[in-house]
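Engineer: From the sequence below, what's the structure:
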Amino acid sequence: MTAIETAVDLYVNVNIVLAFALPVWLALRMALVRAGSDNAHALQLGLLKAVLVTVAASPFLAVAASWLLESALPGRSVILGDLAVAAYLNGDIAMEASRFQSLLDARATLTRDLVSAGSPFSAILATLLAGGLALCALRFGLAVRGIARMLGDSFTWKRIGRVEIRLSDTIAVPVATRWGLRRIVVLPGDLVTRPKQLRFALAHELQHFRQRDIDWEIGLELLRPLFFWNPAFAILKRRFDRLRELSCDQAVVASRRFDRREYADCLLSFCARARAGRGGPALNVALVNARRRRAKLELTDRMLALELTGRQMRIPAGRLAAAATLAVLALSLGAASLQRPKDWSHDRLMLSAVVNLERLQAINGNGNRNTPIRRPGTARAGTETRR
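Structural biologist: The predicted structure follows:
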């Protein structure tokens, strides 16, 4: 396998693991809800972060999972190709050997076709991927430019710890962002005349820094060019954004420095301002985003979550650890199962022998091609077939 084929194979595997991560996370979240953690949004967000990190590390976890399994159970494999070959040799799959091997090698054949310069399908797919990558790169570049312009139109007001607070007349709602190593909160200039809303806005945006939400937002946007065509990425990103805001709202109100009703009124006020004014660029975490689709539904969820704040606010460390462990194990085994079968394994060699016998029978004309050939798995199972 060439280096390009290896890279394409790895890229496909990670996308498959990402698609598998969606039902894994949904199943574990449902288990948490049934366990009474339906309002523990910080817990659900922590689980989602563990799932996303596991997907990113899946190529390494696949190798580790395979090695651990081979060490603990010699001769056993979790690779789907190896399991399919074993099932075929044991007679669990009724199919001509040559056709079965073709299906088994279909992915490798497709990968070679994709990287082949002379394949029309390869050219079309490469054009689509290049176009998607270019659009994502353009989006990211425009977002960086928007942040630079927003910061250029603002001025430093004060500092709170390592966070720089700036005022701007070009935005309608507060936003938290980063510029290099600098952590920055940009506030509408007229907010200094409304002390109560100023306190709410600062508490909310500073909580985003405590949760490292801006770092996650930038990291996910950097990964978007790799997964822009994968529906699982869009769904998980939308879930991440929702849980991020719900957990942030709950953490701010749970500090008992703010009244829930006043905080809700503040959100509604900024929502109205966002619809009438201009928001900040991408690559930030805004207090509200009224221009996004489903914004009304998201704001309703936040209002309802505020009513339930005070319950389940402490993250049950045991539940989070158990759910994260299950997610890591499931995704690691899933990633390991996607690895290519070993061509030199005993079962693969036996399959090749069956294929060669089938072809030899067809060439010599000894009987019908559809006549089944005795598979080595029969003998291994202890049943001897007499000719």
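
Engineer: for the stretch 201-350 of the chain, which spans come out with low pLDDT?
Structural biologist: Counting by pLDDT under 70, the low-confidence segments of the stretch 201-350 of the chain come to 256, 276-282, 290-294, 309-315, 341-344.

Engineer: Could you check the longest helix along the chain and say which residues are buried?
Structural biologist: Across the chain, the helix with the greatest residue count (assigned by DSSP state H) is helix 120-152. Within helix 120-152, the residues scored as buried using 16 or more other Cβ atoms under 10 Å are 132, 136, 139, 140, 143, 144, 146, 147, 150, 151. The C-beta positions use only the backbone N, C-alpha and C, and glycine is treated the same way.

Engineer: now the last one: how far from residue 203?
Structural biologist: It refers to residue 151. The span separating residue 151 from residue 203 equals 22 Å under the rule Cβ to Cβ, to the nearest Å.

Engineer: still on that earlier bit, who does the helix or strand following the longest helix of the chain pair up with?
Structural biologist: For helix 120-152, the succeeding helix or strand toward the C-terminus, using DSSP states H and E, is strand 154-160. For strand 154-160, the paired strands and their directions (DSSP bridges) are strand 163-168 (antiparallel).

Engineer: what's in contact with the partner strand?
Structural biologist: Around strand 163-168, the neighbours that count as contacts under Cβ atoms under 8 Å, 6 or more residues apart in numbering are 150-151, 153-159, 182-189, 191-192, 202, 206, 209.

Engineer: Can you say which of these are buried?
Structural biologist: Of all those considered here, the ones buried according to neighbour count by 16+ other Cβ under 10 Å are 150-151, 154, 183-189, 191, 202, 206, 209.

Engineer: which two from these end up farthest apart in space?
Structural biologist: Checking the buried ones among the contacts of strand 163-168 against each other with Cβ to Cβ, the farthest-apart pair comes out as 189 and 209, at 21.4 Å.

Engineer: which SS class is residue 78?
Structural biologist: With DSSP: H, G, I helix; E, B strand; the rest coil as the basis, residue 78 sits in coil.

Engineer: thought it was touching residue 70?
Structural biologist: No: using Cβ atoms under 8 Å, residue 78 and residue 70 do not qualify as a contacting pair, with a distance of 9.4 Å.

Engineer: The two: who's more crowded?
Structural biologist: Neighbour tally, residue 78 and residue 70, criterion other Cβ atoms under 10 Å: the higher count belongs to residue 78, 20 against 13.

Engineer: And the strands in the protein, which stretches?
Structural biologist: Secondary structure of the chain, counting by DSSP state E: strands at 154-160, 163-168, 175-179, 182-188, 285-286.

Engineer: Residue 250: which of those is closest?
Structural biologist: Nearest to residue 250, of all those, is strand 285-286, at 15.5 Å by Cβ to Cβ.

Engineer: which residues touch the closest one?
Structural biologist: Taking contacts as Cβ under 8 Å, 6+ apart, the residues outside strand 285-286 that touch it are 173-177, 205, 208, 213-214, 217, 244, 274, 279-280.

Engineer: Over to stretch 71-79?
Structural biologist: Contact partners of stretch 71-79, identified using Cβ under 8 Å, 6+ apart, comprise 65-66, 69-70, 83, 333, 336-342, 345.

Engineer: Check which residues of it are buried.
Structural biologist: Of the residues in stretch 71-79, those buried under the neighbour-count criterion (16+ other Cβ under 10 Å) are 77, 78, 79.

Engineer: Adding pLDDT and distance to residue 305, write these out as CSV.
Structural biologist: Compiled in CSV, the buried residues of stretch 71-79 are given as follows (pLDDT from 0 to 100; distance: Cβ to Cβ, whole Å):
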residue, pLDDT, distance to residue 305
77, 77, 46
78, 79, 40
79, 83, 43
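
Engineer: so can I have CSV of the residues you listed showing distance to residue 98?
Structural biologist: Shown next, in CSV, are the buried residues of stretch 71-79 (distance: Cβ to Cβ, whole Å):
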residue, distance to residue 98
77, 23
78, 26
79, 21
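
Engineer: which residues in the stretch 1-150 of the chain form helices?
Structural biologist: Remark: helices of the stretch 1-150 of the chain, listed N- to C-terminal, are 3-32, 41-56, 58-72, 80-89, 97-104, 106-115, 120-152; assignment by DSSP state H, counting those that start in this stretch.

Engineer: Residue 269: which of those helices is closest?
Structural biologist: When the helices of the stretch 1-150 of the chain are compared for distance to residue 269 using Cβ to Cβ, the nearest one is helix 120-152, at 21.2 Å.

Engineer: The closest one to strand 182-188, inter-axis angle?
Structural biologist: Our comparison of helix 120-152 with strand 182-188, counting by axes from the mean of the first three to the mean of the last three Cα atoms, to 10 degrees, yields an angle of 70 degrees.
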